[in-house]
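Novice: after the sequence you'll find the predicted model.
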Amino acid sequence: MKTMTCKQLGGPCDLGHTGESADDVINAQDKHLKEAVKAGDESHQAARQEMKFRWMHPKKSMGWYNDTKAAFAALPEC
Ligand SMILES: [Zn+2]
């Protein structure tokens, strides 16, 4: 299991997401962004929009996805 923070995934806070793969933490971050924005947290608004854009334009977002996967792979196991 590895942990990536909201910040490492393009968000504004230090909340950590733990998962077995980069996809796990990306999904956790997506959920976290949705919930934060729903709760009225404006600081997560921009990151939420970016994440939405990535789901809608997966090809354009390949660079971000590969960077995130590489960053996840480089993390130590926890
Ligand atoms: Zn956050």
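Specialist: Done, it's in. Numbering: from 1, shown residues only.

Novice: how about the strands in this structure?
Specialist: Ranges of strands within the chain are 2-5, 16-19, based on DSSP state E.

Novice: would you map the helices across the protein?
Specialist: 22-38, 45-56, 62-74 (DSSP state H).

Novice: hmm, back to that, nearest to the ion, out of the strands of the chain?
Specialist: Among the strands of the chain, the nearest to the ion by Cβ to the ion is strand 2-5 (7.9 Å). Yep, even glycine has a C-beta here, placed from its N, CA and C like the rest.

Novice: quick one: is that closest one near the ion?
Specialist: No - using Cβ under 5 Å from the ion, strand 2-5 stays clear of the ion, coming no nearer than 7.9 Å.

Novice: how about the strands of the chain in TSV, adding mean neighbour count and mean pLDDT?
Specialist: Listed next are these as TSV, based on neighbours: other Cβ atoms under 10 Å; pLDDT from 0 to 100:
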stretch	mean neighbour count	mean pLDDT
strand 2-5	18	98
strand 16-19	16	98
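
Novice: as JSON lines, those with distance to residue 29 would be great.
Specialist: Converted to JSON lines, the strands of the chain look like this (distance: least, Cβ to Cβ, whole Å):
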{"stretch": "strand 2-5", "distance to residue 29": "8"}
{"stretch": "strand 16-19", "distance to residue 29": "6"}
